[in-house]
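In: need a 3D model of the following:
(chains A and B)
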Amino acid sequence: MIAIPVYLSLVLITLIVIFYFERKVPAFIQDRLGPMEAGKYGIIQALADVLKLIQKEDIVPTAADRVLFLAAPFVIFLAVFAGFAVLPLNATFIGSSLYAGVFFIMTIISIDVIGLLMAGWGSNSKFSLFGAMRSVAQIISYEIPFGISVLCVVVIAQSLDLQEISYQQGIWINNYKEGSQEINYLFGLKALGINVTGVGGILTWNIVRMPFLFIAYVIFFIATLAECNRAPFDLPEAESEIVGGYHTEYSGFRFAIFFLAEYGMMLLVSLLGAVLFLGSWNTPFPNIGGLRLAEWTTGEPGTLSNYIWGSFWVISKAFIAMLLQVWVRWTYPRLRVDQLMHLCWKVLTPFGLFLLLLCCIWRLLMI
Amino acid sequence: MKNKTRKGANSSYFGDILESIKTLSEGLWLTLKHIFQATKRRDSSYVSDKNYFDQKTGLVTLQYPYESIPVPDNGRYRLHNEIDDCIVCDKCAKICPVDCITIESIKATEEIGKTSDGTSKRLYAPTFDIDLAKCCYCGLCTTVCPTECLTMTKAYDFSEVDVGNFIYKFADMTWEEAEQKRKEIEAVNAQKEAAKAAAKAAAIEEKVEGETIQEAKPAGAKPAFKPKIRSANPANSPTNPTDEDITNSAQGTENTAKQEKPTVAKPVFKPKIRPVITEAQTKQPDENADISPESNTTTSSESKPAAPRPVFKPKIRPNASVENTEKSIAPVENTAEEKKSQDDEAAEEKKPAAAKPIFRPKIRPIKPQGGKTEE
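Out: Residues are numbered from 1 along each chain as shown, chains lettered A, B, ... in the order given. The predicted structure follows:
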């Protein structure tokens, strides 16, 4: 029950922080300063922007479909926010410990497509409709490589439960289920025989357990960039091409909700990537002989130490992934819609399928 | 191997992927470098600085109100007028292409002072406004200013919230001072007018007498058949034009002269039979020099050698004739004396009359303070 305020505050705080970086990082890339006036070095610029948006007039076009128009931002935000329910912040804190957590998150994220369509159609504007159609096409296309890369991890982990996947990537691998005797081998190869179950750290992360999962992570990263409508896949909301796309007609608070939904989605997919590929709440430090670094910096599940350390690690990893998203946004130009589709169907999906096959074979080598 | 020298030339499936991976990572590396170079900031040096182009990396933004690029000293921005050097010649207002300069001038009764380069100032400026919102910063007004009191300074940041605040007022006279100066000059002009009126009256009397003298002379010549259509027209005195030349604002006298002239329209029918022209007659054709062109031509043909048109009389300073200056000093008080003296010295007065001195009343200002005259 306390998951809602915790995740909501997490989303809002992360929004403020990443928004600051979203202004400063492109400024430094472009040899300029970025916001400097609002607060020292422009720290409270995000707050100023939010306050501004809240105070703006809520304009509803006369010819707009009122119900669709008014409800669309909230549908998108709720779909995104609901996905946070199954993400673990540490060994014991999870909103809802579903056995099919992965499945749930993938389906609930797909509901924001309905919200987008509502926004585009309900605005009764050509730009909005174009933006919405493109966005829908993009999102449902990129769900394929997204799903395939997640499936690679699921095949390796043998479970859809996100908490179980998290446990498997650290030293507490056998603490999740009673009587489990899993063994983590280095690079997941039983044939090598190197038992790193007690070592933990980065060596047990999924991208090291199965090294080709690194490529799967890249596919996952690209696919989720497209899911968020983020550059270089931001054709649906490209300012120079179609004004604002599906959120052209929105102003004030509703626009702020769209904004919140977009950054919330960024956080969601970054967290998901961290949980699936980067070791979740487990530390990157291995136990080196007598120095039980992994234990110290992860903490025993259930202890306060674990609450703090686990949350710290997973949020830091998500944060690095978000910085990477910002970096990528301000480096690359926008993809044209046919290039987008080419990338999805002709590059990411075949590679994803091949990787899936590889993961299945790898799993056989792990047992 | 496929051709890899041109970008995008490799269009095979795997070549394309490899090339894109390579170029994508190059791009990422470039932006990452820029992020790490963001610790350096530029310094605010001007273009003429030697090392202006030396910094190749780092941030290029200057936060304006706190840091700014210096402006060279000959920057052509906001106008500034040293009002103490201004001789109120109105050249800048006339040449301004957008009419942003408003100047109002009051003639001073005497020289106010000198500008810093020695030019004497004779005009007060109660109003000298430059509307810097209209100004197009062309610099024409600074070019034509004879004393170089109007210059362009290097102040460029003078934004105002209210556009009316852009009217910069450079004059430093209060409204009371301006009124006082106006009164002074009006008083002086009134005195001049009165003096002129007196002089004309005296001149007419003198003319009348001069005519009588004239008639006596050409007895041997043709019969001087001259119907005396002499009405009391003091407007025709030759003394008027010289004064009119001097005083711009002495319009009263001109008006009176013009008013009286229509009554003198009669002498068109005067037979202009002039005997040998003597000095005594120099005055006469002057009075016949009416507006009507016929009379003018005849009189001018007849009286050319001896009677220069009063309009063109040179302003000869009456060094010799001290009497006239004395007369002119207190014309209001001594009109009677003036007339007498004119009557007495009819002949002598012709030259001095011809060389009417420039009217310079030395009237002290009404109020005791003479502060403005020293400026």
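
In: enumerate the residues of the stretch 51-200 of chain B near chain A.
Out: Within the stretch 51-200 of chain B, the positions adjacent to chain A are B:58-61, B:63 by C-beta under 8 Å from any C-beta of the partner chain. C-beta: built from backbone N, CA, C; applies to glycine.

In: mind doing that once more with 6 Å?
Out: By C-beta under 6 Å from any C-beta of the partner chain, the residues of the stretch 51-200 of chain B that approach chain A are B:59-61.

In: tell me, how many residues neighbour the closest residue to chain A within the stretch 1-150 of chain B?
Out: Of all residues in the stretch 1-150 of chain B, the one sitting closest to chain A is residue B:38 (3.6 Å; C-beta to the nearest C-beta). Look at residue B:38: counted by other C-beta atoms under 10 Å in any protein chain shown, it has 21 neighbours.

In: circling back to that earlier point, show me which of the residues of the stretch 51-200 of chain B next to chain A are buried.
Out: By neighbour count, with 16 or more other C-beta atoms under 10 Å in any protein chain shown, those hold residue B:59 as buried.

In: so of the residues of the stretch 51-200 of chain B next to chain A, which ones are in helices?
Out: For those, membership in helices holds for none, with DSSP state H as the criterion.

In: where does pLDDT dip in the chain?
Out: Using chain A. A:238-244, A:367 (pLDDT under 70).

In: nope, chain B please
Out: Using pLDDT under 70, the flagged stretches of chain B are B:1-9, B:212-224, B:226, B:228-357, B:365-375.

In: same thing but at 80, please
Out: B:1-11, B:209-375 (pLDDT under 80).

In: quick one: the strands in it, in order.
Out: B:79-81, B:101-107, B:113-114, B:120-121, B:123-131, B:150-152, B:167-169 (DSSP state E).

In: any chance of these in JSON lines, plus mean neighbour count and distance to residue A:4?
Out: As requested, these are exported to JSON lines (neighbours: other C-beta atoms under 10 Å in any protein chain shown; distance: least, C-beta to C-beta, whole Å):
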{"stretch": "strand B:79-81", "mean neighbour count": "20", "distance to residue A:4": "66"}
{"stretch": "strand B:101-107", "mean neighbour count": "19", "distance to residue A:4": "70"}
{"stretch": "strand B:113-114", "mean neighbour count": "14", "distance to residue A:4": "85"}
{"stretch": "strand B:120-121", "mean neighbour count": "15", "distance to residue A:4": "84"}
{"stretch": "strand B:123-131", "mean neighbour count": "20", "distance to residue A:4": "63"}
{"stretch": "strand B:150-152", "mean neighbour count": "19", "distance to residue A:4": "66"}
{"stretch": "strand B:167-169", "mean neighbour count": "15", "distance to residue A:4": "62"}
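
In: circling back to that earlier point, give me the nearest residue to the residue of the stretch 1-150 of chain B closest to chain A, chain neighbours excluded.
Out: Counting by C-beta to C-beta, 6 or more residues apart in numbering or on different chains, residue B:38 lies nearest to residue A:28, which is 3.6 Å off, once chain neighbours are set aside.

In: SS state for the one you found?
Out: helix (DSSP: H, G, I helix; E, B strand; the rest coil).

In: longest helix in chain B, please.
Out: helix B:175-216.

In: and residue B:66, how far from residue A:124?
Out: From residue B:66 across to residue A:124, the span is 47 Å (C-beta to C-beta, to the nearest Å).

In: ok, those two, which is more surrounded?
Out: Higher neighbour count among residue B:66 and residue A:124: residue A:124, with 16 against 8, using other C-beta under 10 Å.

In: now do the same contact list for the more buried one.
Out: A:63-64 (C-beta atoms under 6 Å, 6 or more residues apart in numbering or on different chains).

In: quick check: residue B:10 vs residue A:332, distance?
Out: With C-beta to C-beta as the criterion, residue B:10 and residue A:332 are 19 Å apart.

In: picking up where we left off before, let me have the strands of chain B in CSV, extended by distance to residue B:137.
Out: Formatted as CSV, those follow (distance: least, C-beta to C-beta, whole Å):
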stretch, distance to residue B:137
strand B:79-81, 8
strand B:101-107, 13
strand B:113-114, 30
strand B:120-121, 27
strand B:123-131, 11
strand B:150-152, 7
strand B:167-169, 14
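
In: how about those strands, which one is nearest residue A:202?
Out: Set against residue A:202 and scored by C-beta to C-beta, the strands of chain B come closest in strand B:150-152, at 68.0 Å.

In: show me what that closest one is packed against.
Out: The contact analysis (3 or more C-beta pairs under 6 Å, 6 or more residues apart in numbering or on different chains; DSSP states H and E) places strand B:150-152 against strand B:79-81, helix B:140-144.

In: give me the residue from chain A nearest chain B.
Out: Counting by C-beta to the nearest C-beta, chain A gets nearest chain B through residue A:28, at 3.6 Å.

In: residues near the closest residue to residue A:162 other than its chain neighbours, how many?
Out: Distances taken as C-beta to C-beta, 6+ apart place residue A:101 nearest to residue A:162, at 4.1 Å, with adjacent residues excluded. Neighbour count for residue A:101, taken as other C-beta under 10 Å: 26.

In: between the helices and strands packed on strand B:150-152, which one is closest to residue B:203.
Out: helix B:140-144 (42.6 Å).

In: can you pull the buried residues of that closest one?
Out: B:141-142.

In: same question, stretch A:325-335
Out: Result for stretch A:325-335 [16+ other C-beta under 10 Å]: buried residues A:325-332, A:334-335.

In: of all the residues of the stretch 51-200 of chain B next to chain A, which comes closest to residue A:315?
Out: The closest of those, once distances to residue A:315 are taken by C-beta to C-beta, is residue B:59, at 29.8 Å.

In: got a list of what residue A:170 touches?
Out: A:200, A:204, A:282.

In: switch to 8 Å and redo it
Out: Shown in contact with residue A:170 (C-beta atoms under 8 Å, 6 or more residues apart in numbering or on different chains): A:200, A:204, A:279-283, A:294, A:298.

In: just send the helices and strands packed on strand B:150-152 back as TSV, with distance to residue B:130 too.
Out: Listed next are those as TSV, based on distance: least, C-beta to C-beta, whole Å:
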stretch	distance to residue B:130
strand B:79-81	6
helix B:140-144	8
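
In: which of the ones you listed sits closest to residue A:237?
Out: Comparing these by C-beta to C-beta, strand B:79-81 comes nearest, at 49.3 Å.
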